[in-house]
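**Student:** Compute the structure for the input listed below.
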Amino acid sequence: MNPHIERIQQAIAPFRQQIIDHKVYSVIKDTQDLQIFMQYHIFAVWDFMSLLKALQNNLTCTSVPWFPMGDADTRHLINEIVVGEESDLDAFGNRKSHFELYLDAMHQCGADTTSIEKFVAELKQSGNF
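**Tutor:** Numbers count the residues shown, from 1 in each chain. So this is what the prediction gives:
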């Protein structure tokens, strides 16, 4: 593994453990609790992708014509994360973003997707971003 990634993993290990041990996991007791959690958590999934794309836009070249920009290791790390987040595989081997996979999971468990779908649609339509 890349030594830079190993150092980052070691540095964030305590924070990762705090997330793993978070009490939210112990309070989700049934499907209804999960549905409510997912209805809000989907915004964090969307936000993470937006932050990642902002990093990609600012730390790598995403314009035409292309020019090398920034540190090559940073570009590689960001682009590697983007590939996984934007084009993972679902259970049937279809390429989907983690956002789309999460929406699929919400549909499967009966969580309401109206708020996030309306938010994304209005944001697209407004062009204010």
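**Student:** where do the helices sit along this protein?
**Tutor:** In order along the chain, the chain carries the following helices (DSSP state H): 3-20, 24-27, 31-59, 72-86, 98-109, 114-126.
**Student:** Can you tell me which helices and strands the fifth one packs against?
**Tutor:** Think helix 98-109. Other helices and strands packing on helix 98-109, by 3 or more Cβ pairs under 8 Å, 6 or more residues apart in numbering; DSSP states H and E, are helix 31-59. In short, each C-beta sits where N, CA and C put it, glycine included.
**Student:** and of the helices of the chain, who's closest to Trp66?
**Tutor:** helix 72-86 (11.3 Å; Cβ to Cβ).
**Student:** if we can go back for a sec, tabulate the helices of the chain (JSON lines), appending distance to Pro65.
**Tutor:** As requested, these are arranged in JSON lines below (distance: least, Cβ to Cβ, whole Å):
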{"stretch": "helix 3-20", "distance to Pro65": "29"}
{"stretch": "helix 24-27", "distance to Pro65": "46"}
{"stretch": "helix 31-59", "distance to Pro65": "16"}
{"stretch": "helix 72-86", "distance to Pro65": "16"}
{"stretch": "helix 98-109", "distance to Pro65": "30"}
{"stretch": "helix 114-126", "distance to Pro65": "27"}
